[in-house]
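Participant: Fold the following.
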Amino acid sequence: MMKKSISYCVLVAGLLLLPNFNNWAQEKSLNADEILAKVDDVINAPEDQELKVNLILIDKDGKEKLREMNMLQKGSEKRMVKFLSPADQKGIGVLSLPNDIMYLYLPAFNKTRRIASHVKNTKFAGTDFTYEDMEAIRYSEKYIPEILKQVDNFIILQLKPKAGVKTDYSKLIMWVKSDNFCLTKIEHYDKGNTLYKVRTSEKFEKLGKYWISKESAMEDLKARHKTKMIMVDVRFDSGLSDDMFTERYLSR
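Facilitator: Residues are numbered from 1 along each chain as shown. Okay, the predicted model is just below:
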């Protein structure tokens with residue numbers, strides 16, 4: 001009996017030392033909805049965010065264009081993005097608000113206009129991000145998730161739009177790190193169920209209590225064009241005012 005008890009303890013200890021055992025046990029206790037909610041919580045964990053970003057646009061011939069932008073976000077429903085350079089792009093901005101409300105500001109015309117739902121699949125200022133991609137959202141509010149499989153340290157989810165949700169995507173395939181629920185890749189499928197865009201995130205760092213990807217990219221497989229995003233400066237919980245997420249502030 002003593003030998004059997006010792007053998008059992010050794011077996012359990014061995015399993016606990018396997019690299020993915022604890023993650024596997026945790027995942028088995030979470031369903032797809034709970035996993036996606038945790039992904040949302042990681043993405044939107046700070047009360048507010050201020051990001052300065054370098055954008056590198058890469059065409060099919062490998063030629064690059066550099067742009068700079070600022071992104072402000074409060075909670076999970078308010079986001080504003082504005083270009084800082086080059087000169088012909090400076091001031092162009094997008095404001096995302098709750099209830100699928102978005103505004104575009106074009107300084108050349110000194111005009112702000114609301115972005116209609118049927119044009120949210122349009123690319124934003126020559127990047128590979130559409131207006132829909134620029135929205136501040138919680139995925140769990142718009143998509144129904146399903147666990148497809150686990151590969152190494154990743155949980156792979158399939159997301160399909162909920163009834164009534166307006167989106168240009170028939171489905172998303174997400175790769176989620178099982179230890180911290182960081183989102184590392186999203187495959188975007190068009191209405192014909194064909195893969196046409198892939199977003200990747202890497203170089204994750206934990207700044208204080210928040211995880212952030214220092215480099216990411218969106219690649220349009222059809223256009224053979226890519227937009228890389230490199231974080232230059234990051235600030236969390238600085239107390240951004242609601243007044244900063246208004247049409248008036250967008251046009252400043």
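Participant: Name the next helix or strand downstream of the helix or strand encompassing Leu159, please.
Facilitator: Element membership for Leu159, per DSSP states H and E: strand 154-161. Per DSSP H and E, the first helix or strand lying C-terminal to strand 154-161 is strand 171-177.
Participant: tell me the angle of that following strand relative to strand 154-161?
Facilitator: Strand 171-177 and strand 154-161 meet at an angle of 150 degrees, taking axes from the mean of the first three to the mean of the last three C-alpha atoms, to 10 degrees as the criterion.
Participant: tell me the strands in the stretch 1-150 of the chain, going along the chain?
Facilitator: 48-58, 64-74, 78-85, 93-97, 101-106, 111-114, 143-151 (DSSP state E, counting those that start in this stretch).
Participant: Next up, phi/psi of the nearest residue to Leu221 once chain neighbours are set aside, please.
Facilitator: Distance criterion C-beta to C-beta, 6 or more residues apart in numbering; nearest residue to Leu221, sequence neighbours excluded, is Tyr196 at 5.4 Å. Every residue, glycine included, has its C-beta placed from N, CA and C. Main-chain dihedrals, Tyr196, degrees, to the nearest 10: phi -140, psi -10.
Participant: Who does the strand or helix carrying Val198 pair with, and is each partner parallel or antiparallel?
Facilitator: Using DSSP H and E, Val198 sits in strand 195-207. Strand pairing for strand 195-207, using DSSP bridges, gives strand 183-189 (antiparallel), strand 210-220 (antiparallel).
Participant: Give me whichever of those is most buried.
Facilitator: strand 183-189 (a mean of 20; mean count of other C-beta atoms under 10 Å).
Participant: Quick one: mean pLDDT over it.
Facilitator: Mean pLDDT, strand 183-189: 98.
Participant: what sits up against it?
Facilitator: Contact partners of strand 183-189, identified using C-beta atoms under 8 Å, 6 or more residues apart in numbering, comprise 39, 42-43, 154, 169-177, 195-202, 213.
Participant: from the middle of its chain, how far away would that strand be?
Facilitator: Relative to its chain's centre, strand 183-189 lies at 9 Å (C-alpha atoms, centre = their mean, to the nearest Å).
Participant: same question, stretch 80-91
Facilitator: Taking mean C-alpha positions (C-alpha atoms, centre = their mean), stretch 80-91 and its chain are 21 Å apart.
Participant: Please put the alpha-carbon coordinates of that stretch into PDB.
Facilitator: Only the C-alpha atoms of stretch 80-91 are listed here, as PDB (Å, rounded to 0.1, in the frame of the first residue of the first chain):
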ATOM      1  CA  MET A  80      -9.600  57.800 -31.000                       C
ATOM      2  CA  VAL A  81      -6.800  57.500 -33.600                       C
ATOM      3  CA  LYS A  82      -5.100  60.400 -35.200                       C
ATOM      4  CA  PHE A  83      -2.100  60.600 -37.600                       C
ATOM      5  CA  LEU A  84       0.900  62.800 -36.600                       C
ATOM      6  CA  SER A  85       2.800  62.400 -39.800                       C
ATOM      7  CA  PRO A  86       3.600  62.600 -42.800                       C
ATOM      8  CA  ALA A  87       2.300  66.100 -43.500                       C
ATOM      9  CA  ASP A  88      -0.300  65.000 -46.000                       C
ATOM     10  CA  GLN A  89      -1.800  62.600 -43.500                       C
ATOM     11  CA  LYS A  90      -1.400  64.700 -40.300                       C
ATOM     12  CA  GLY A  91      -4.700  65.300 -38.400                       C
END
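Participant: Report the mean per-residue pLDDT for it.
Facilitator: In this model, stretch 80-91 carries a mean pLDDT of 96.
Participant: Would you indicate which residues of it are buried?
Facilitator: Met80, Val81, Lys82, Phe83, Gln89, Gly91 (16 or more other C-beta atoms under 10 Å).
Participant: and what of stretch 227-245?
Facilitator: So stretch 227-245, judged by 16+ other C-beta under 10 Å, has buried residues Thr227, Lys228, Met229, Met231, Val234, Phe236, Leu240, Met244, Phe245.
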